[in-house]
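> Just to be clear, the model below is a prediction. Sequence and coordinates:
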Amino acid sequence: MSGSPESGAPREPRVPILMYHAVAKAPNDATRALSVTPEAFTEQMALLRGSGFTPVDTASLARSWRHSAPLPERPVLITFDDGYEGVHRHALPVLSRHGFTATLFVSTGWLRGEYDTGGGLDIMLDWDQVRALAAAGVEIGGHSHTHPQLDQLADDALRYELRHCREIIAAELGVLPASFAYPYGYSSRRVRRAVREAGFTQSLAVGNALARRRQGPYALRRVTVRRGTGIEEFERLVEGRAITRIFARDRALTKGYSMVRRARQVRRKAIRSRV
C-alpha cells in the first residue's frame with residue numbers, strides 16, 4: 001500500500017478503511033446483505049493481525065494526515081455504521097483480544113433509550129453498551145440522528161440531524177465526537193460544509209476505494225465488508241488489489257442513482273424558487 005515508483009518519489013500512502021454494519025448470527029432481511037457472521041469477523045481480524053496491520057481510529061488517521069505525522073506500519077481502520085447490538089456482543093471481544101481499536105458511527109435516534117425514534121433496522125445498541133465500547137477504546141462518531149439521505153434535506157433539517165446527533169453523543173459520553181460518517185455514503189459540497197460547521201473535524205464516505213490524504217478530511221473513502229465477502233476477497237480488499245473489479249457493479253448502480261438524485265435536487269430547488 002506504500003512504496004516508491006520508478007522515479008524514486010514516494011507514493012501517497014493508501015489506507016484501507018473497512019466499513020462494517022451488523023455482526024450477527026441471524027440478521028433480519030433488512031440488514032442481512034451488509035452483515036457479517038461472528039465467525040467471519042473473527043477470521044478477518046485474525047488475518048489483519050497475521051498480516052501485520054495496525055488498526056487506528058478515524059480521528060487518529062485524520063490528525064496524522066492533517067499534521068503530516070507518521071502512521072504505524074500497515075495502518076487499517078475498522079469502522080461500524082448505525083449501531084447494531086452485535087458490535088458489542090460479537091465484535092468487541094474479538095477487537096479486545098487482539099488489542100484493536102475501531103470507530104463506531106451511531107445514528108442516535110436508532111439506539112435504544114430515550115432518544116429512540118423507532119427507526120432502527122434490527123436490534124440496536126443501548127447507551128450503556130455504547131459507553132462500554134468507548135471505555136474499551138472504540139472511538140464513537142456521529143452518523144446523524146435518524147439516518148436520512150443528508151443531501152436531500154433542506155438546510156434547517158440538515159443542521160438539526162448533525163447537531164442533535166453530536167449533542168446527544170456528548171450528553172451520553174461526556175465528550176464531543178470528532179468524526180462523522182455520511183448515512184448511505186451520500187454527501188455533497190453543502191453537506192460537507194454543514195458537517196464541518198457542526199463541529200466534526202473529519203468524515204467518511206463510502207466510494208469503495210482505499211483512503212488517500214488528497215481526498216480531504218471530509219470525503220475519505222471506505223471499502224464495504226458484507227455477508228458475501230469471503231476471506232480471500234477480504235484479503236484483496238485490505239491489500240488494495242482488484243477493488244475496482246470487486247465493486248464494479250456497485251459503482252455502476254451508484255452512478256445511475258446519482259443522476260436520479262441530482263434530478264430530484266434540481267426539481268426541489270425549482271419548486272422552492274416558485275414558492
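Arrived safely. Residues are numbered from 1 along each chain as shown.

> List the contacts of Tyr20.
Val36, Phe41, Ile78, Thr79, Phe80, Asp81, Val87, Ala91, Val225 (Cβ atoms under 8 Å, 6 or more residues apart in numbering). Glycine gets a C-beta too; all of them are placed from N, C-alpha and C.

> if you set the cut-off to 10 Å instead, what comes out?
The contact partners of Tyr20, by Cβ atoms under 10 Å, 6 or more residues apart in numbering, come to 34-36, 41, 44, 78-82, 84, 86-87, 91, 102, 104, 222, 224-226, 229.

> Mark which of the residues you listed are buried, thanks.
Buried residues within those, counting neighbours by 16 or more other Cβ atoms under 10 Å: 34-36, 41, 44, 78-82, 84, 86-87, 91, 102, 104, 222, 224-225, 229.

> Inside strands: which ones of those residues?
Where these overlap with strands, as defined by DSSP state E, the overlap consists of Ser35, Val36, Ile78, Thr79, Phe80, Asp81, Asp82, Leu104, Arg222, Thr224.

> and of these, the nearest to Leu173?
Of all those, Leu173 sits closest to Leu104, with 11.2 Å by Cβ to Cβ.

> roughly how far apart are that closest one and Tyr115?
According to Cβ to Cβ, to the nearest Å, Leu104 stands 16 Å off from Tyr115.

> Ok, Ser179 next?
Computed with Cβ to Cβ, the distance linking Ser179 and Tyr115 is 20 Å.

> Repeat that for Gly50.
Between Gly50 and Tyr115 the distance, using Cβ to Cβ, works out to 40 Å.

> Now do the strands in the stretch 151-275 of the chain.
Taking DSSP state E, counting those that start in this stretch, the strands of the stretch 151-275 of the chain run over residues 179-181, 202-207, 211-212, 220-224.
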